[in-house]
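Chemist: sequence first, predicted coordinates after that:
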Protein chains: 2
Amino acid sequence: MTTADRSATKILLDESEQPTRWYNLLADLPTPPPPVLHPGTLEPVGPDDLAPLFPMELIGQEVTTERYVEIPGSVLDVYRLWRPSPLYRAHRLEKALGTPARIYYKYEGVSPAGSHKPNTAVPQAYYNAQAGIRRLTTETGAGQWGTALAFACAQYGLECEVWQVRASYDQKPYRRMMIETFGATIHPSPSELTAAGRAILAADPHSPGSLGIAISEAVEVAAQNADTNYALGSVLNHVLLHQTVIGEEALLQLAKVGETPDLIVGCTGGGSNFGGLVFPFLREKLAGRMAPEIRAVEPAACPSLTRGTYAYDFGDTAGMTPLMKMHTLGHDFIPDPIHAGGLRYHGMSPLISHLYEENLISATAKPQRECFAAGVQFARTEGILPAPEPTHAIAAAIEEALRCKETGEEKVILTALCGHGHLDLPAYDAYLSGAMQDHDLSDAAFSAALGALPAVPAG
Amino acid sequence: MTTADRSATKILLDESEQPTRWYNLLADLPTPPPPVLHPGTLEPVGPDDLAPLFPMELIGQEVTTERYVEIPGSVLDVYRLWRPSPLYRAHRLEKALGTPARIYYKYEGVSPAGSHKPNTAVPQAYYNAQAGIRRLTTETGAGQWGTALAFACAQYGLECEVWQVRASYDQKPYRRMMIETFGATIHPSPSELTAAGRAILAADPHSPGSLGIAISEAVEVAAQNADTNYALGSVLNHVLLHQTVIGEEALLQLAKVGETPDLIVGCTGGGSNFGGLVFPFLREKLAGRMAPEIRAVEPAACPSLTRGTYAYDFGDTAGMTPLMKMHTLGHDFIPDPIHAGGLRYHGMSPLISHLYEENLISATAKPQRECFAAGVQFARTEGILPAPEPTHAIAAAIEEALRCKETGEEKVILTALCGHGHLDLPAYDAYLSGAMQDHDLSDAAFSAALGALPAVPAG
């Protein structure tokens, strides 16, 4: 490896170099994360508890401690529509910053949905089709996950039914149109189609909806129909497992230019983009083969890691899911309407939460205007318009690169550009016009929601 | 080369394989195209006539007969943000069609603007910056070209001022937002900023504008300011020259899998995407090294090649430009508001028109509903949502592939997927909801506009 190799802008992998296994971090953790509990019995949940919603293959992946899981050939075929994804060296951003740091970003916006979400939507659709399921239901907020699942279902001849939070359904119509173009059916949530939706509408006919309500509707329909399952786009172990193709590819790509990261930064909402990038690097770190600092970046308006509590809580607002030990702001917490819709989740993946408790990763929070300033600088130098979510990671990468400018350190910074912002342009418009506000939170705003945590005896 | 190589989905080129020269078809044509004429003297225009609007390097490229033009290193650097672009084998579309044909598409949607337009916007900004120009003006319809020039100007520290047709400015606000995010200034046209705009607004304060009016405004500002030049995104020889990187890369990529195209189809508006793809293949055909059929696909609502006249006409509606011999529907012709805004041009590149007259290419026209049906099928199989413009080429490729299904021919079909449709989703919504209309044209609709052609003596 020579310095000359590092002059490349895009570091590509051939399809023959595509990873054929997902990496399971559970196999290498020093301590196991706490179990998921049944909300009635407070006992660990078993496969039968999850069987009404998920196929057995995915339930198995949720709890397996095997280090690697083979990716089915059919999934690899669909992955090849966009994978391996490119790793970019941010030459032009570095130059604009005047930094001696070398910044690399792994770009997932090349996927059909424009984000990392199809990495798990495709295997989820595949395993459900294999199990004879006819239809998948899901919720979506800003719409990235709904788009990904609609695309994946089109590949396997599954029907796809999406409940989208009413506020987003009305504000971001382009996402609905894209989901429909991929052949899925989409409903604004709350809807008249479910008991959960009807109850909300009876109380408030003009309800703007929430992710929690949309989950309730999608889960209700899946639970009541034997030919229908439910799919989730983040938080769970099997979702993060599927996303590890991101980090496995990035490892190969950095090796091609002889680089080892000193810092890895990723944005966190439910944790799937972050986990997908960092787990393979964490494997290398735990094995002593490299020593990168690993940092999660979350929105200041929804800071589950940096200001939440580590406790058992529900995954949804209505309290229908099993209890997960995680960093949470309380399942009643309704984040302010920041533009990074994908990061507006009250909790955090139990696996990421466990890593944070074990001091294997650090975390920081960013207000949205700093993130959009970083997004605009990135677009004008690198040419790619980032989605609002990864602007959080870009802001942190720029902060570190400017610190290197002061110290003269030639740090290697790796980040995930987990999606493009083509369907989020009104957020850039709000930023550029000066209409965007930050949403810093008072301590009182937290206490209220944290008071509603379910009581789970210490065990 | 083995059949196994053809199992790849994406055929990639390394940055070291990036073409370093543009190809100039003028060097290899059996007969030269007719000269561009000054509208006053009817004499061929010279460099001095064009100097108020373009830098001398681009004027030189407009008329050179050198076979190759070296791409400046700085332009290659910016190109590497997305070039070489991928060539895809449409395995999943072929399977859905049940065709023995092999379909390849060259995807230009990976660029910062989401289309092929930056291939010429970047060198145009570069040469203007080299010439000491401070600002570029341009017009844009749907907005692809305005986005590309805004991005390119950001790379070279140029100001960029865009006049966008008022109807599009109001209907497709995401494009305006993207242009502003890249740092350009954008005005709805007609505007109060120019004499041309004020005259239109005085007659009709609610004018929806037209591409012709927007050109007039951009040209007026450039002509009146010594530090300001004008940039055009299609039609002219130097624009098509810059786009030949598309075809040069595709040639290398097909060679990697041992393929030679039997049919090349591309959509045509002004002709730059089509020319960029096919000129290098035409060089090979003229030299006897391959024999592909080359077919242009235009919208039935704006069929300059298949139903227009080959005559001298103005490039703009107001009659401010030099006279070009081209296939034209008449510079007064206002195309119906089909969704493929990039194909709504009354004329055709003089170079493409000449090829058509010389029987070096064929042409066909497609109504938009057939094109959107093809676009939806493409999205659901290949995962990429095409812009409305390339759905014309996709529709023609599918038509040929289905013909091969009847005959059993294993034809190799190559097409250009010149952009994604993320900012065109309302068009898909109109199609899927059944609200979209075709716009077939009566003979009477043509005669009216063709009656207004300028009188140029044969000679």
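Modeler: Now that the structure is in, tell me what you want to look at.
Chemist: okay, now the closest residue to chain B within the stretch 251-400 of chain A: neighbour count?
Modeler: Among all residues of the stretch 251-400 of chain A, residue A:383 sits closest to chain B, at 3.2 Å; criterion: Cβ to the nearest Cβ. In this view, the C-beta of every residue, glycine as well, is placed from N, C-alpha and C. Using other Cβ atoms under 10 Å in any protein chain shown, residue A:383 is surrounded by 22 other residues.
Chemist: which element is the nearest residue to residue A:266 once chain neighbours are set aside on?
Modeler: Spatial nearest neighbour of residue A:266, chain neighbours left out: residue A:274 (3.9 Å); criterion: Cβ to Cβ, 6 or more residues apart in numbering or on different chains. Using DSSP states H and E, residue A:274 falls within helix A:272-286.
Chemist: which stretches of the stretch 201-350 of chain A form helices?
Modeler: Counting by DSSP state H, counting those that start in this stretch, the stretch 201-350 of chain A has helices at residues A:211-224, A:237-243, A:245-256, A:272-286, A:304-307, A:350-357.
Chemist: lowest average confidence across those, which one?
Modeler: Here the lowest mean pLDDT among the helices of the stretch 201-350 of chain A goes to helix A:211-224, at a mean of 90.
Chemist: what residues of that helix count as buried?
Modeler: Across helix A:211-224, burial judged by 16 or more other Cβ atoms under 10 Å in any protein chain shown covers A:211-222.
Chemist: for stretch A:376-393, same thing?
Modeler: For stretch A:376-393, by 16+ other Cβ under 10 Å, it's A:376-393.
Chemist: wasn't residue A:132 part of a helix?
Modeler: No. With DSSP: H, G, I helix; E, B strand; the rest coil as the criterion, residue A:132 is located in coil rather than a helix.
Chemist: show me what contacts the residue nearest to it when sequence neighbours are not counted?
Modeler: Closest residue to residue A:132 apart from its sequence neighbours, by Cβ to Cβ, 6+ apart: residue A:227 at 7.9 Å. Residue A:227 sits next to A:132-135 when contact means Cβ atoms under 8 Å, 6 or more residues apart in numbering or on different chains.
Chemist: would you show me how to pick out the buried ones of those in ChimeraX?
Modeler: Written as a ChimeraX command, the selection of buried residues from the contacts of residue A:227, which uses 16+ other Cβ under 10 Å, is:
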select /A:133,135
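Chemist: which single one of the contacts of residue A:227 is nearest to residue A:246?
Modeler: residue A:133 (26.5 Å; Cβ to Cβ).
Chemist: count of neighbours near residue A:194?
Modeler: A count of nearby residues for residue A:194, using other Cβ under 10 Å, gives 22.
Chemist: so how far is chain B from it?
Modeler: From residue A:194 over to chain B the distance is 24 Å, taken as Cβ to the nearest Cβ, to the nearest Å.
Chemist: what residues does the stretch 51-200 of chain A put near chain B?
Modeler: Within the stretch 51-200 of chain A, the positions near chain B by Cβ under 8 Å from any Cβ of the partner chain are A:77, A:80-82, A:91-92, A:110-112, A:114, A:118, A:151, A:154-155, A:173-174, A:177-178, A:180-183.
Chemist: now, of those, which are buried?
Modeler: Buried among these (16+ other Cβ under 10 Å): A:80-82, A:91-92, A:110-112, A:114, A:118, A:151, A:154-155, A:174, A:177-178, A:180-183.
Chemist: quick check: the farthest pair among the contacts of residue A:227?
Modeler: For these, the maximum inter-member distance is 11.3 Å, found between A:132 and A:135 (Cβ to Cβ).
Chemist: centroid-nearest residue for chain A?
Modeler: Geometric centre of chain A, nearest residue: residue A:272, 3.6 Å, by Cα atoms, centre = their mean.
Chemist: that one reaches residue A:235, doesn't it?
Modeler: Yes. Counting by Cβ atoms under 8 Å, residue A:272 does reach residue A:235; the two are 7.3 Å apart.
Chemist: any shared contact partners between those two?
Modeler: Shared contacts of residue A:272 and residue A:235, defined by Cβ under 8 Å, 6+ apart, comprise residue A:349.
Chemist: enumerate every residue touching the residue nearest to the centre of chain A.
Modeler: Contacts of residue A:272 by Cβ under 8 Å, 6+ apart are A:116-117, A:120, A:233-235, A:239-240, A:243, A:349.
Chemist: just give me the neighbour total for the residue nearest to residue A:266.
Modeler: Residue A:274 has 34 neighbouring residues, counting by other Cβ under 10 Å.
Chemist: in what helix or strand does the nearest residue to residue A:398 once chain neighbours are set aside lie?
Modeler: Distance criterion Cβ to Cβ, 6+ apart; nearest residue to residue A:398, sequence neighbours excluded, is residue A:374 at 5.2 Å. Element membership for residue A:374, per DSSP H and E: helix A:368-382.
Chemist: what's the one helix or strand residue A:180 maps to in contact with?
Modeler: Per DSSP H and E, residue A:180 falls inside helix A:173-181. Residues from elsewhere that reach helix A:173-181 (Cβ under 8 Å, 6+ apart): A:113, A:140, A:142-144, A:146-147, A:150, A:162, A:164, A:168-169, A:186, A:423, B:174, B:376, B:379-380, B:385, B:422-423, B:425-426, B:428-429, B:432.
Chemist: quick one: the closest residue to chain B within the stretch 101-250 of chain A and residue A:82, what's the gap?
Modeler: When scored by Cβ to the nearest Cβ, the stretch 101-250 of chain A has residue A:112 as its residue closest to chain B, at 3.2 Å. From residue A:112 over to residue A:82 the distance is 7 Å, taken as Cβ to Cβ, to the nearest Å.
Chemist: repeat that for residue A:57.
Modeler: From residue A:57 to residue A:82 the distance is 23 Å (Cβ to Cβ).
Chemist: and if you look at residue A:305?
Modeler: From residue A:305 across to residue A:82, the span is 30 Å (Cβ to Cβ).
Chemist: check residue A:206 too.
Modeler: Distance, residue A:206 to residue A:82, by Cβ to Cβ: 39 Å.
Chemist: strands of the stretch 101-250 of chain A, start to end?
Modeler: Ranges of strands in the stretch 101-250 of chain A, per DSSP state E, counting those that start in this stretch, are A:102-107, A:135-140, A:159-165, A:185-189, A:228-230.
Chemist: please consider this matter closed, and thank you.
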